[in-house]
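Undergrad: The following comprises the amino acid sequence and a computationally predicted model.
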Amino acid sequence: MSETATARAPASGGDDALLDIRNLRIEATVYPPGEDPHDIVIVDDVSLALRRGRVLGLIGESGAGKSTIGLAAMGYGRGGVRLTGGEVVLNGRDIRRLGVRGLRALRGREVCYVAQSAAAAFNPAHRLMDQVVEATLEHGVASRREAEERAVALFARLGLPDPESFGRRFPHQVSGGQLQRAMTAMALCPQPDLIVFDEPTTALDVTTQIDVLAAIKDAIRDTDVAALYITHDLAVVAQVSDEIMVLRHGKMVEHGETRQIIEAPREDYTRALVSVRSIRHEEKRPTPEPVLTAERITAAYAGSLKVLEDVSVAVHPGQTLAVVGESGSGKSTLARVITGLLPPIEGTITFAGRTLPPALAQRGREDLRELQMIYQMADVAMNPRQTVRTIIGRPLEFYFGMRGAERDRRVAELLDQIEMGDGFAERYPAELSGGQKQRVCIARALAAKPSLIICDEVTSALDPLVADGILKLLLELQKQQDVAYLFITHDLATVRAIADSIAVMFQGKVVRYGTKTEVLSPPFDDYTDLLLSSVPEMQVGWLEKAIESRRMEAAGH
Amino acid sequence: MNGSGGLPVLRLIAQRLALGVLLLFAVSVLIFAGTEILPGDVAQSILGQAATPQALENLREEMGLNQPAIVRYFQWLGGVLTGDLGTALSNRQDIAESIGRRLGNTLFLAFWAAAVSVPLAILLGLLAVRYRNGLIDKAISGTALASTSLPEFFIGYVLIFFFAVKLGWFPSVSTVYDGMPFVDRMRGIALPAAALTLVVLAHMMRMTRAAILNVMQSAYIETAELKGLSQFDIIRRHALPNAIAPIVNVVMLNLAFLVVGVVVVEVIFVYPGMGQYLVDHVSKRDVPVVQAVGLIFATVYIVLNMIADIAAILANPRLRHPR
Amino acid sequence: MLDLRRIPIAALVGLVLSTLFLLTAVFAPLIAPYGMAEIVGDVWEPFSAEHWLGTDNIGRDLLSRMIYGARVTIFIAGLATVLSFTMGSILGFTAAVVGGWFDTLMSRFVDLLMSIPTLIFGLVVLSVLPSTIITLILVMGLLDSTRVYRLSRAVAADINVMEFVEAARLRGEGRGWIIFREILPNALSPLVAELGLRFIFAVLFLSALSFLGLGVQPPEADWGGMVKENKDGIVFGIPAALIPAGAIAALAISVNLVADWILNRTTDLKGGRGNV
């Protein structure tokens, strides 16, 4: 592994930073429809320094500018984004002054990038090996043979199956978690000084995330590369970084050692991020008469294998049943069966003591009114051409025949309940923020005065603090109106916060079911154990402990 | 590439070919039925209201109209499949024979129009992407918008007016005959070929631009950029392999478009091809000729569309290398 | 509501020209200086004070004929568009919302019709049908409705699977509410833009047919037919045929500009207020 020191400016003394960003300012031109294009500031006066072998976590909500800063370290601006002020000094020179050629020589040689969606970032037309070694060959770092040897070694180190032959596959032939690791191998192959990880585990299921996270962490340690690790999940970043910078609206909020940020945050905003999902909710006991019972449900989509097999669960009045599982577990299909969108092959659904017809078309208006639904993507769950007043007012008209002033009064009440004012009534969905949209969807469901609301991943698309607000609102509304929730989620932290009982689903079956205390107390079945131990905790060193205990269990079996 | 992965591709292509054959049969039914939609019969409409009953009866006899439509369809189809397209009502000539030379002329014209327009459109499309939102791109988009609104004869007569009449560079009437020297023949078709090129160029350019742009906006292009590859290498190694299928698709669709454009362009330039032949016999209400020529045009159109689909299947790595 | 200063120049030009063409067509007898079939001078007279656009192949005033021709062209193309649009969009929407065998049957039939180029199939059918204006409108309208069908079915099918439509279904809403209140408002902008494009296509199709001698029959004349009448003058350097041809191009381009602008404008989802 010969260092090609000739190709780059001699690094200054050991104490000096590898990457030194000073007073960075980034702007972009936006083109809103029907308006004159104008410039907005995305990143304002951000400074950071990073030494060799260190990992800096950049954390913030969407729109905080964290990805933009990461790409700025490569002198790259996505879609019209421009670096308009400050310096980005890498290996002793300001890369803003490098010009096209200089930047090209730097990208893929000194700095490499790992994207959030490796599935999109790999070219579908080429084999993995060709793509992994491409930058190494392009910059003349190694011969093809040498580069491929390096790649195979990296595949092995990152725990990919059949490292020798893995590179011969095409991107669509391997799983998402494997692609994410292959992308890390691609970034490490040219032996860069710095890697920018842009939400590398966000798109993965939790049980996959932990392995990829561990692989990335080991690879960083073994190669002594520096890294910028970008994520919105503080618990994740706490596992891999030495220091953390908290960003908001393009400005720095707080910067410190990881332990300090997690254990003793100084700023209010950081404190809020750290204490996210620490909602306390007192578990209620099951009642003798559940509001909804699904018994022995088996279901399949036309012409496919069974998606649900023999699923039985019950929701009690005024309580929350959380259905938790990873993608493909069948949890959303269960919601479709209960609402009648997908009539089951077998099994019955009992609601308030009466058996519901399996198909939506056969159900009466009262049945429909009492069972409402809230979706993950509030954007597409509301008609973009209707105002908030129409969206919330329609169930009032439809179920209760309310009109005119009476209806408007009730809409205002509902807007009040979701902690938004009457001023929002004339807005269109596109004029609301993500959290506000989800609140309007909640108000629409509440307008029907239901006894059960199905919540399908309602907080997954939202930033943690906003999601927290929604969860608190849902709990508050449950207290006031005694409505029951069937809460579908992949996120165990959310489950802990709000559930009274829990059903864990895996490959179409319920593998564990009971009250929250029962489900979350040992002894566990294998899958629940895996799931529980995979959820990152806001604690330095959690990852090592989790991996260690997993290793011991594997040895024990 | 690797043999083991070939199977699903072959199956899909076989399916697409079978579908094409099925479609051709359905189209032949439709074209036949299209000449049967009158409440009266074809003989009446050919001869007009003033025809004597005897003349009508003779024509009916000659066209076999006294037999049920389904029998006539299968007789016609049997003839078509064995290369017998029947005889023209208007001049008693064998249709297959009349078509032979004209088809050659039309293909000659269409070939040269395609030979100019396809590379030009792809080149301009690439330029538009390379200098996106720049002057070239805006000019190309503007021209494309305008030229989809231009009738073929506007382009044709403007060309004739300036290049044949005012400047005298080319003949205004594109006569071609057997044994004509190649150079004269090329001079003869220069204007109609130019008109055809202009008819399809803008559209093809715009679609090529969209196809390449779609690829260039993919995340893997950003990956390539962040590897420090040059613009040229990015396009050659990463954009092109994924853009070929959509470009082939664009080209085939526009060739199909061009084949139809030939009809009007041939009439403008009085060019002895299939289009001119078709239009002449539509006015003469010579149904057997119209059916035969209509079927040939439709076949070319369907085959070009089929090639586009097969190209898309072949270029998809997911199908070539299944899991 | 409609801020004139917000309209881009191109759209404004298109709007003004389209309106002008429409007014010409409506008030043709009032505007035209001479009668449509009136022979007022020599053959192919050049531009002059009496005959602004000169005279045609048998000495009729070309400007007057152009004005009456606008009427024929816009009338036939307009009716054909109305027909194709009503049929295509109603069937397309129904197919998307109802689904099942109706959708399959309709869609396969439309696929079949569209696998033959419109002009070619039009010629095949016109070879046996009587040459009347009604025939033209019906043939053009029916053939073109396949395209409207495909677009409206695709647009409606896309919207139909969105969660807000599912939400309406779960609420128990009827088919009428779903089509007219949930789907239609969201499908309107591509459909209105398509209306413009279909009209242009109808104008071009009609002109091509008339130019080939298979459309509007003499003594009536549309612009395409007038190109045919005057085309022999071209070889003598008389540009009379270019005038109706140019008019067709101008009409098509101006409608295109308007359609383009409508498509851009109505995709705005903030009720046209454009704040935030």
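TA: Perfect, I can see it now.

Undergrad: What residue in the stretch 1-150 of chain B comes nearest to chain C?
TA: Closest approach between the stretch 1-150 of chain B and chain C, counting by CB to the nearest CB: B:Ser149, at 3.4 Å. Placement of C-beta: from N, CA and C, glycine included.

Undergrad: ok now do that residue, which residues does it touch?
TA: Contact analysis of B:Ser149 by CB atoms under 8 Å, 6 or more residues apart in numbering or on different chains lists C:200, C:204, C:249, C:252-253, C:255-256.

Undergrad: restrict those residues to those near chain B?
TA: Counting by CB under 8 Å from any CB of the partner chain, the subset of these that neighbours chain B consists of C:200, C:204, C:249, C:252-253, C:255-256.

Undergrad: Out of the residues you listed, grab the one that's most surrounded.
TA: Neighbour count (other CB atoms under 10 Å in any protein chain shown) singles out C:Ala252 as the most crowded of the ones next to chain B among the contacts of B:Ser149, with 25 neighbours.

Undergrad: what sits up against the helix or strand where C:Leu105 lies?
TA: In this assignment (DSSP states H and E), C:Leu105 forms part of helix C:100-114. Applying CB under 8 Å, 6+ apart, the contact partners of helix C:100-114 are B:23, B:26-27, B:30, C:91, C:94-96, C:121, C:143, C:146-147, C:149-150, C:153.

Undergrad: which one of those has the most neighbours?
TA: Highest neighbour count within those, by other CB under 10 Å: C:Tyr149, with 26 neighbours.

Undergrad: just the contacts of helix C:100-114 now: which is nearest B:Asn91?
TA: Checking these against B:Asn91 with CB to CB, the nearest one is C:Phe121 at 24.7 Å.

Undergrad: just checking, which of the contacts of B:Ser149 belong to strands?
TA: Among the contacts of B:Ser149, DSSP state E puts none in strands.

Undergrad: Could you dump those into TSV and include distance to A:Asp94?
TA: Formatted as TSV, the contacts of B:Ser149 follow (distance: CB to CB, whole Å):
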residue	distance to A:Asp94
C:Ile200	54
C:Leu204	58
C:Ala249	55
C:Ala252	55
C:Ile253	51
C:Val255	54
C:Asn256	49
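
Undergrad: Pick out the lowest-pLDDT one from those residues.
TA: Among these, C:Asn256 has the lowest pLDDT, at 86.

Undergrad: and the gap between the residue nearest to that one when sequence neighbours are not counted and C:Met140?
TA: Leaving aside its sequence neighbours, C:Asn256 sits nearest to B:Ser149 (CB to CB, 6 or more residues apart in numbering or on different chains; 5.1 Å). Distance of B:Ser149 to C:Met140, given as CB to CB, to the nearest Å: 17 Å.

Undergrad: do the same with A:Thr528
TA: 67 Å.

Undergrad: quick one on the thing from earlier: and which of the ones next to chain B among the contacts of B:Ser149 is nearest C:Tyr34?
TA: The closest of these to C:Tyr34 turns out to be C:Ala249 (CB to CB; 24.6 Å).

Undergrad: Around C:Pro218, how many other residues sit close by?
TA: A count of nearby residues for C:Pro218, using other CB under 10 Å, gives 10.

Undergrad: could you list every residue that touches it?
TA: C:Gly225.

Undergrad: With the one 4 residues further on instead?
TA: Residues counted as contacts of C:Asp222 (CB under 8 Å, 6+ apart) are C:69, C:72-73, C:76, C:206-207, C:210, C:215-216.

Undergrad: hmm, 6 Å instead?
TA: For C:Asp222, the contacting residues are C:69, C:72-73, C:210, C:216, by CB atoms under 6 Å, 6 or more residues apart in numbering or on different chains.

Undergrad: how about low-confidence regions in chain A?
TA: For chain A, the stretches with pLDDT under 70 are A:1-15, A:32-35, A:277, A:303, A:556-557.

Undergrad: Between the two ends of stretch C:32-41, how far is it?
TA: With CA to CA, to the nearest Å as the measure, stretch C:32-41 spans 16 Å from end to end.

Undergrad: Same question for stretch C:205-221.
TA: Start-to-end span of stretch C:205-221 (CA to CA) is 15 Å.

Undergrad: quick check, nearest of the ones next to chain B among the contacts of B:Ser149 to chain A?
TA: When the ones next to chain B among the contacts of B:Ser149 are ranked by distance to chain A (CB to the nearest CB), C:Asn256 comes first, at 20.3 Å.

Undergrad: and the gap between the closest one and C:Asp144?
TA: 16 Å.

Undergrad: How about C:Val13?
TA: To C:Asp144, C:Val13 is 26 Å away according to CB to CB.

Undergrad: neighbour-wise, which of the two wins?
TA: Between C:Val13 and C:Asp144, counting by other CB under 10 Å, C:Asp144 is the more crowded of the two (24 against 15).

Undergrad: What residues of the host helix or strand of the more buried one count as buried?
TA: Assigned by DSSP H and E, C:Asp144 falls within helix C:133-160. Across helix C:133-160, burial judged by 16 or more other CB atoms under 10 Å in any protein chain shown covers C:133, C:136-153, C:155-157, C:159-160.

Undergrad: ok, now stretch B:275-285?
TA: Residues B:275-279, B:281-282, B:284-285 are the ones in stretch B:275-285 that count as buried (16+ other CB under 10 Å).

Undergrad: who in chain C is up against chain B?
TA: With CB under 6 Å from any CB of the partner chain as the criterion, chain C meets chain B at residues C:112, C:115-117, C:119-120, C:123-125, C:127-128, C:200, C:204, C:207-208, C:211-214, C:227, C:234-235, C:237, C:241-242, C:245, C:248-249, C:252-253, C:256.

Undergrad: Please consider this matter closed, and thank you.
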